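> model the following, please.
(one chain, ligands or ions: 1)
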Amino acid sequence: MILPIYIYGSAVLRKHSENITADYPDLDRFIADLWETMYDADGVGLAAPQVGRNVRIFVVDATAGAEEDPRLADFRKTFINAEIYERTGEMTPFTEGCLSLPKINEQVMRPSTIRIRYCDEHFVEHDDLFDGFAARVIQHEYDHLEAQLFIDHLSPLRRTLLKGKLAAMVKGKYQADYRCKLVKK
Ligand SMILES: [Zn+2]
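Okay, here's the model as predicted:
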């Protein structure tokens, strides 16, 4: 089922998300809904808070990066209870967008390499190193679990320039070609 994506200004995007247990109700259904919602909106990642739930689950499809990095050819992963415990490598620029902030794209600096512990959709534990495009998308989605958004990483000047657009968005003035909603409480 395609779920509505919560837009900037929604309280759920600014709340810290909690770990889940393997008996989380309808987990398989929820993960399937995340994938369906993400693909419907042409995203490369989607985190549970973006569909209104403060739980530590996100999905990433990094196959768009496969042309430059063949290791990403099958990169479709579900991350449950993830913890990034190391960020290394150079701070690297990349233009990011977010389904919760429609039509805003800004260059964000992030470390190129991460180490992350997480469970997959079968609750099997992993401890992996990712770099490049995969590390970029994972860090963006992980931020959502920590109540952060990519605009939080921008310089004060860039944020000032976005102020009008963001203020409008909070008032419900935004355009998106996918199902979305704004829930302030
Ligand atoms: Zn996002």
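
> tell me which stretches of the chain form helices.
With helices called from DSSP state H, the chain shows them at 27-40, 132-145, 156-170.

> out of those, which comes closest to Leu101?
Leu101 sits nearest to helix 156-170 of all the helices of the chain, at 7.1 Å, using C-beta to C-beta. In short, each C-beta sits where N, CA and C put it, glycine included.

> quick revisit: and Arg14, which of the helices of the chain is closest to it?
Ranking the helices of the chain by proximity to Arg14 (C-beta to C-beta) places helix 132-145 first, at 10.2 Å.

> buried stuff in stretch 129-143?
130-143 (16 or more other C-beta atoms under 10 Å).

> just checking, Leu27 touches Thr21?
No. Counting by C-beta atoms under 8 Å, Thr21 is not a contact partner of Leu27; they are 9.3 Å apart.

> tell me which of those two has more neighbours.
Applying other C-beta atoms under 10 Å to Leu27 and Thr21 shows that Leu27 carries more neighbours, namely 18 against 9.

> and the gap between Asp128 and Ala176?
Taking C-beta to C-beta, to the nearest Å as the criterion, Asp128 is separated from Ala176 by 32 Å.

> same check on Ala64?
Counting by C-beta to C-beta, the gap from Ala64 to Ala176 is 20 Å.

> can you point me to the longest strand in the chain?
Secondary structure of the chain read by DSSP state E shows that its longest strand is strand 76-98.

> could I get the contacting residues of Val59?
Shown here is Val59, whose contacts under the criterion C-beta atoms under 8 Å, 6 or more residues apart in numbering are Ile31, Leu34, Trp35, Met38, Gly45, Leu46, Arg76, Lys77, Thr78, Phe79, Glu141.
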